[in-house]
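**Student:** prediction below, plus the sequence it came from.
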Amino acid sequence: MGNIFTPEFWETFAKSLTSWIVSELPSLVILVILLIISLRVGFFMVRKLKSVLAKKTVNRKEEPNLEVEKRLNTLMGIVKKGISIVIWAVFIMIFLKKINIDIAPILAGAGIIGLAVGFGAQELVRDFITGFFILLENQIRTGDVAIINGTGGLVEKIELRTITLRDLSGVVHIFQNGKINTVSNMTKDWSAMVFDIGVAYKEDLNKVMKLMKQVADGMMEEDAYKNNILEPMEIFGLDSFGDSALVVKGRIKTKPIQQWTIGREYRKRLKETFDEHRIEIPFPHQTIYWGEEIEPLKLTMEKAEDKAKEKK
């Protein structure tokens, strides 16, 4: 076997290399420069978008700045990765074409694979898109108490694909973002406890409402509760005529998640105040009518009472 590295081989190789350097290398250098510029421009636009969104949301009273920063970092990280993938994919395709590799079969194969993956991952893509907008619109946050598709609990984790909810019994519920139909956030910005207080028809409503207000005002003056109650109690007045009670409606606005603690303490103190002022809190009761057919029972009972009197 002869030596292939002959002077003619090296001469041909040198000519081909020189021709490639003269004709193709400048375009590849320009392509790399365009890649770097595109990445820098893309990342710059992401930073500008983040700053614009931050100015609109930071320093709002209802949302801490740290929470805003964390949410924006998550969203902008996703956007930055998406931009990087697109730019690198375009660069690789152009680069392969420049070095005389036919990219048509690669594109066709990628298209078939993408189509197959697209059919198999429709729910996954839908979950990711829905999760992105849940984060972007700040519908719920970690630590909120929310009702998702009729199930209520504490939001423990929010991810692009799922939301994890833990109810009062400790049961963990995991929802796919793409299958969430309704979200009710019970601790968005502020919360409230609504009271329907029933009193007897004979009671003075003005006195009742005054006592309700006094109890709430007393709680606002205490260190344990004043920081969690946002406003003085609102007394809406007589709300309805019940079967055995007049229903007075009121509301206390609180910091998020504090409404249940405030509500339990308020009800306890209101019961004690009503007992002190002898205000009746009625309960449902029934009167039983025996009918005429039970008349012999009445006579028997009367005879028994007569015999008891005679013995005395």
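**Tutor:** Great, that's in hand.
**Student:** any chance of the backbone angles for Ile101?
**Tutor:** With angles defined as degrees, to the nearest 10, Ile101 sits at phi -100, psi 130.
**Student:** number of residues surrounding it?
**Tutor:** Using other C-beta atoms under 10 Å, Ile101 has 11 neighbouring residues. Every residue, glycine included, has its C-beta placed from N, CA and C.
**Student:** how close does it sit to Val183?
**Tutor:** 49 Å (C-beta to C-beta, to the nearest Å).
**Student:** swap in Arg40?
**Tutor:** Using C-beta to C-beta, Arg40 is found at 38 Å from Val183.
**Student:** ditto for Ile106
**Tutor:** Applying C-beta to C-beta, the value for Ile106 to Val183 is 42 Å.
**Student:** more neighbours, the two?
**Tutor:** Counted by other C-beta under 10 Å, Ile106 and Val183 do not tie: Val183 has more neighbours, with 16 against 13.
**Student:** look up how far Ile129 lies from that one.
**Tutor:** 16 Å.
**Student:** for the residue nearest the centre of the chain, helix, strand, or coil?
**Tutor:** By C-alpha atoms, centre = their mean, the chain has its centre lying nearest to Ile140, at 2.3 Å. Three-state call for Ile140 (DSSP: H, G, I helix; E, B strand; the rest coil): coil.
**Student:** run through this structure and note the low-pLDDT ranges.
**Tutor:** Residue ranges of the chain with pLDDT under 70: 1-5, 9, 20, 22, 56-71, 74, 115-120, 284-312.
**Student:** which residues in the stretch 151-300 of the chain form helices?
**Tutor:** Assigned by DSSP state H, counting those that start in this stretch, the stretch 151-300 of the chain shows helices spanning 205-220, 223-226, 259-276, 295-311.
**Student:** now the strands for this protein?
**Tutor:** For the chain, the strands defined by DSSP state E cover 145-148, 151-158, 162-166, 172-176, 183-185, 191-199, 234-241, 246-254.
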